[in-house]
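Peer 1: Kindly return the folded structure for what I paste below:
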Amino acid sequence: MKTIDYHNVSILHEDYSVLKDVCFTTEEGEMVYLLGSVGSGKTSLIKTIYGELPIEDGHARVLGEDMMRIKTSQLPALRRKIGIVHQDLKLLPDRTIYDNLDFVLRATDWKSKEQRRARINELLEWVELTDSAQKYPHELSGGQKQCICICRAILNKPSLILADEPTGHLDQESGEKVMALLDEIRRKNNCTILLATHNLQWPVDFPGTVYECRDGQLIKESQTHNEE
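Peer 2: You can find the predicted model right below:
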């Protein structure tokens, strides 16, 4: 199944043409990289996938939804199927790590407190941060905070994860850990990962399909095989 299916899509941002004639498809369980300089359109493309930025024309489907026709009222249901890892983290500074995660579950209609606790504890154990549940974001390292952001993104077991420069502010060791976690999610859950990055080493260490945003176009650069 195609998780993203774009044909001849044009993307504008504040009346400025960012990308034209975008042809872009992703499959279940695929690792996909978006390369490109600052301002080349990577973030704008990602925003169209979860409906924050409208698409001007073309054919665009995300997880079966027609993004040209989708209503605002339908976006929350689509977004529950998508996990987003932001470059600027977006953790709530006045809440503990546990409460940051619990906030997302409550907002997405997890009624049972016990089920929420079990899911949060499962993920914190997975990233080896169980002891940090009652800490606040400012008490964690950059790498630890990004691991929590990954936990937040996969709370609802999404089919698609969008990661915008998730390792851009991390050292090499922390970046490798974050990438390993994302690749593990892809393999275990057959989840598509779409990752914008400037790090040319990640497609070598964690193979996938590579696109580049360049001169208003989305260009497929290469495809390597993931080792399972």
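Peer 1: where do the helices sit along this structure?
Peer 2: Using DSSP state H, the helices of the chain run over 42-49, 75-79, 97-107, 113-126, 142-153, 172-189, 202-205.
Peer 1: Only the buried residues of the longest one, if you could.
Peer 2: Residues Ser174, Gly175, Glu176, Lys177, Val178, Met179, Leu181, Leu182, Asp183, Ile185, Arg186 are the ones in helix 172-189 that count as buried (16 or more other CB atoms under 10 Å). All C-beta spots, glycine's among them, are computed from the backbone N, C-alpha and C.
Peer 1: before we move on, what about the last one?
Peer 2: Of the residues in helix 202-205, those buried by neighbour count under the rule 16+ other CB under 10 Å are Trp202, Pro203.
Peer 1: Any stretches of the chain with poor pLDDT?
Peer 2: 223-228 (pLDDT under 70).
Peer 1: one more time with 50
Peer 2: Scanning the chain for pLDDT under 50 picks out 227-228.
Peer 1: Of all residues in it, which one is nearest the centre?
Peer 2: Leu162 (1.8 Å; CA atoms, centre = their mean).
Peer 1: Thought Cys191 was touching that one, still the case?
Peer 2: No - contact criterion CB atoms under 8 Å: Leu162 and Cys191 do not qualify, at 11.1 Å.
Peer 1: before we move on, the earlier item: can I get the helices of the chain in TSV with distance to His86?
Peer 2: Below are those laid out as TSV (distance: least, CB to CB, whole Å):
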stretch	distance to His86
helix 42-49	10
helix 75-79	13
helix 97-107	13
helix 113-126	17
helix 142-153	7
helix 172-189	13
helix 202-205	18
